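Asker: Sequence unavailable; structure follows:
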């Protein structure tokens, strides 16, 4: 069954309102999303905007409004990017596209109404830098550069390696999403960065994990490349416009 046929099935199950049907719809949607997101990051669309929209709606139905916002922003970005790349002028003025755009806009406004008043902001400061996990996911290789800005303040830039596609990075709090091959943020750590390899010009990473002490460890295979002690990570809207 094609992705479009499965999405029609999802919609029919949701419309039925029968709990078992809704549960099956959410299972199908989740599996479609897990398959389509890495494909999209490698440059293959495969209806990702439609899938992300339904994944967002699934989260909204159970009150996971931050997660819903995350996926709605994915859908909005993918839909807009496809419109920009389309060579057919009428491809995004069709009734189907207008309906999708209207549905997405209404969904976003609905979930915004459920978020705390101070949820949306111009700058995020957190000890859980979710965007780094988006940068290093789906077995992607990333080369990091760390610039010491003085004291325990640093700038961290990651570059997706050739063959790793782009990273779809989303910040619900900033209401931003973007496909990135390079991404930069800043952090202020409780202690200096710990390097565990000799070649500091080639900090290649394919996995990021929190340690038992909530430090952030960056790995290449089983080798730990560097470790950032507990830190406050910063992200702004401008970071999505750096490229």
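Answerer: Arrived safely, thanks for sending. On a predicted model such as this, the values are computed, not experimentally measured, just so you know.
Asker: quick one: the helices in this protein?
Answerer: Taking DSSP state H as the test, the helices found in the chain are 3-16, 19-41, 48-61, 65-85, 95-112, 130-135.
Asker: any weak-confidence spans in this structure?
Answerer: Scanning the chain for pLDDT under 70 picks out the ranges 83-93, 95, 242-243.
Asker: that older thread, okay if I get the helices of the chain as CSV plus mean neighbour count?
Answerer: Just so you know, the C-beta spots here come from the backbone N, C-alpha and C atoms, and that holds for glycine as well. Below are the helices of the chain laid out as CSV (neighbours: other Cβ atoms under 10 Å):
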stretch, mean neighbour count
helix 3-16, 15
helix 19-41, 17
helix 48-61, 23
helix 65-85, 20
helix 95-112, 14
helix 130-135, 21
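Asker: Stretch 177-187 spans what distance, first to last residue?
Answerer: Length of stretch 177-187, first residue to last, Cα to Cα, to the nearest Å: 20 Å.
Asker: For that stretch, what is the distance to the chain centroid?
Answerer: 11 Å (Cα atoms, centre = their mean, to the nearest Å).
Asker: now stretch 102-116
Answerer: With Cα atoms, centre = their mean as the basis, the mean position of stretch 102-116 lies at 18 Å from the chain mean.
Asker: Not counting its own residues, what contacts that stretch?
Answerer: Contact with stretch 102-116 is made by 53, 56-57, 60, 63, 65-66, 68-69, 72, 75-76, 79, 120, as judged by Cβ atoms under 8 Å, 6 or more residues apart in numbering.
Asker: Closest to residue 200 out of those residues?
Answerer: residue 66 (35.9 Å; Cβ to Cβ).
Asker: Count the residues that sit near the nearest residue to the closest one once chain neighbours are set aside.
Answerer: Closest residue to residue 66 apart from its sequence neighbours, by Cβ to Cβ, 6 or more residues apart in numbering: residue 172 at 5.5 Å. Residues lying near residue 172 (other Cβ atoms under 10 Å) number 22.
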